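In: Okay, sequence plus prediction incoming.
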Amino acid sequence: MTEQWWRSAVVYQIYPRSFADSDGDGIGDLPGIAGRLDHLAELGVDVLWLSPVYPSPQDDNGYDISDYQDIEPVFGTLADFDDLLAGVHGRGMKLIMDLVVNHTSDAHPWFVGSRSGLDSPERDWYWWRPPRDGGPPTNWESVFSGPAWELDETTGEYYLHLFSRRQPDLNWENPQVREAVYAMMRWWLDRGVDGFRMDVVNLLSKPVAADGSLPDGPVRPGHRFGDFWPLVTRGPRIHEFLQEMHREVFAARPGAFLTVGEMPGVTLEQALLFTDPARREVDMVFQFEHVQLDQGATKWDVRPPDLRALKGSLGRWQDGLADTGWNSLYWNNHDQPRAVSRFGSDAPEHRVASAKLLATVLHLHRGTPYVYQGEELGMTNTTFGRIADFRDIESLNHHRHALEAGQPAEEVLAALRTKSRDNARTPMQWDASRHAGFTTGTPWIPVNANHADINAADQWADPDSVLHHYRALIALRHTEPAVVHGDFTMLLPDDPVVYAFTRRHGEVELLVLANFSDGPVTAALPDAAAWDGAELQLGNLPDVPSEAASAPLRGWEARVLRRTRT
Ligand code: TEU
């Protein structure tokens, strides 16, 4: 195994709550996942990223952890986890855990101790501050709406929570906190896991002054509170903390593990530092630039996606990390609406082609691709009627705060239907039966009604399915060195509907063409004729003409051409 084995890997994200339920309680669980490992092995993925399964009150569906070294009973037991890990390893795959250490649950014993009194030994494990002018210590706004500080009656002080009030932020300035986290990480590595996806890991270092004060954030138009992102996404000690974590946890076994840091707000310049192997911080990051182009001041201010902006952003990250560092590549995860509804077309006549097109474009970029559960089927956003149909705390909090601020209810619901994280959290669609084969009980969130037409069972039987297209792309990554190692050149940057780029590695050159629109279009490539007659490596529609570079692309058609330069 080479030091950077993950450069040729494909990672599959499982959101356990919605993947497969084995005991009929309507909630996915570890034995359910273990029973579906052949689906993943046959798909060809190399690594599973398991969203949190630790004990949790489930305020944020497990991203609020109350015990880092056990399993939430609703998901199973540590023995179930060991069985799952053995099944994953037995199929030649790896498993990374979701590490959520910017905050814990307020039910974690560390916080229960910390809030018990000013002189508690754990008091300094969290961010406590006295009121300022009778109110919160800073003007920061929580990601889940409202102030980022909660007053605790026991001591009359406020505690910081960048997310829900039941997710108090850990104080990483305290070496005891860092040591406890590193010991827990080593415990999971000793149990056999192969690394971590690190939740909001760039937020660990807060901009605290020598006197313990924290600055206010800039107040943006239309916001009641201050914006902490510019302050907290570039904390003064973040590189120090990540390098210490690497020394304390991974240095003894270099290269054996995959670390991916989820970094909302991270810039390309910062990502170069975070992913430079010489700095030994993380292997790659999840950046958010391309999934925040279709919004205004907030995600709820929905704007139509613009392909030129999308190409500009992804192309900039390709160029920026071409020589040092590494890109992660994703359209989907448990926080994002379904890409085929967002960037493709979920109209019945275009859904399959556009789902395959999105996969082709992403997987032919330079970086490590991530497949989110159901993405390989072309699963779409679901339909939400009223607010009672939503489950996600981010959506429910936004709804309440937006209505309190006087926004019309229908306007708020329209934004929620487009952008709510619940779109990604409807159960995995295994077959056309009731509840899509996800559960024999009542699912915690309704299954998408279109599971009769979009499900794994049908697609395994259909060689032209989205599923088999993903298998082909993953197999191509494992067999064609140009996909992993090739350089990247964006073409036609100003074309509003054609996404075109090349990858070159030695004598091999790949050309990717994709039409992000319903109707036919011709890619105005200056050297199209030189590509005509090249081998069609992969397409998403039948009957591609031999002049595959100069012939018009049909609606949502993608083509990958391959030639060797003499
Ligand atoms: O999300 C981090 C993050 O930036 C969130 O604001 C997320 O991108 C946003 O909700 C998109 O609308 C991570 C986890 O992925 C998310 O599920 C958790 O809710 C959050 O951290 C707190 O742990």
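Out: Looks like it arrived, so ask away. Residues are numbered from 1 along each chain as shown.

In: Any figure for the gap between the residue in the stretch 1-150 of the chain positioned nearest to the ligand and Leu30?
Out: For the stretch 1-150 of the chain, the residue closest to the ligand is Tyr63, as judged by C-beta to the nearest ligand atom, at 3.5 Å. Where you see a C-beta, it was placed from the backbone N, CA and C, and this is true even at glycine. Distance from Tyr63 to Leu30, counting by C-beta to C-beta, to the nearest Å: 18 Å.

In: Helices along the stretch 201-350 of the chain, start to end?
Out: In order along the chain, the stretch 201-350 of the chain carries the following helices (DSSP state H, counting those that start in this stretch): 229-232, 238-245, 268-275, 307-320, 339-342.

In: Same check on the stretch 1-150 of the chain?
Out: Listed from the start of the chain, the stretch 1-150 of the chain has helices (DSSP H, counting those that start in this stretch) covering 30-34, 37-43, 78-90, 109-114.

In: Could you tell me which residues of the stretch 101-250 of the chain lie near the ligand?
Out: Within reach of the ligand by C-beta under 6 Å from any ligand atom, the stretch 101-250 of the chain has these residues: 143, 163, 199-200.

In: my bad, the chain
Out: When proximity is defined by C-beta under 6 Å from any ligand atom, the chain lies next to the ligand at 60, 63, 100, 143, 163, 199-200, 262, 264, 299, 334-335, 394, 421.

In: go again using 5 Å as the cut-off
Out: Taking C-beta under 5 Å from any ligand atom, the part of the chain that reaches the ligand is made up of 60, 63, 143, 163, 199-200, 264, 335.

In: can you list the residues you listed in TSV and add pLDDT?
Out: Rendered in TSV, the data for those read as follows (pLDDT from 0 to 100):
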residue	pLDDT
Asp60	98
Tyr63	98
Val143	96
Phe163	98
Asp199	98
Val200	98
Pro264	96
Asp335	98
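
In: rewinding a little: can I get the residues of the stretch 101-250 of the chain next to the ligand in CSV including secondary structure?
Out: Compiled in CSV, these are given as follows (DSSP: H, G, I helix; E, B strand; the rest coil):
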residue, secondary structure
Val143, coil
Phe163, coil
Asp199, coil
Val200, coil
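
In: which of those residues tops the neighbour count?
Out: Phe163 (25 neighbours; other C-beta atoms under 10 Å).

In: need the contact list for that one.
Out: Residues touching Phe163, when contacts are defined by C-beta atoms under 8 Å, 6 or more residues apart in numbering, comprise 60, 63, 103, 142-144.

In: ok, 6 Å please
Out: Residues touching Phe163, when contacts are defined by C-beta atoms under 6 Å, 6 or more residues apart in numbering, comprise 143-144.

In: Please apply the same query to Val208.
Out: If a contact means C-beta under 6 Å, 6+ apart, then Val208 has Leu214 as its contacts.

In: Could you tell me how far it is located from the ligand?
Out: Separation of Val208 from the ligand (C-beta to the nearest ligand atom, to the nearest Å) stands at 21 Å.

In: can you check Pro304 too?
Out: Taking C-beta to the nearest ligand atom as the measure, Pro304 and the ligand are separated by 18 Å.

In: helices and strands of the chain: which one bottoms out on pLDDT?
Out: The weakest-scoring helix or strand in the chain, judged by mean pLDDT, DSSP states H and E, is helix 229-232 (a mean of 91).

In: Mind jotting down where the strands sit in the stretch 201-350 of the chain?
Out: Assignment of strands within the stretch 201-350 of the chain using DSSP state E, counting those that start in this stretch yields the ranges 258-262, 284-286, 328-329.
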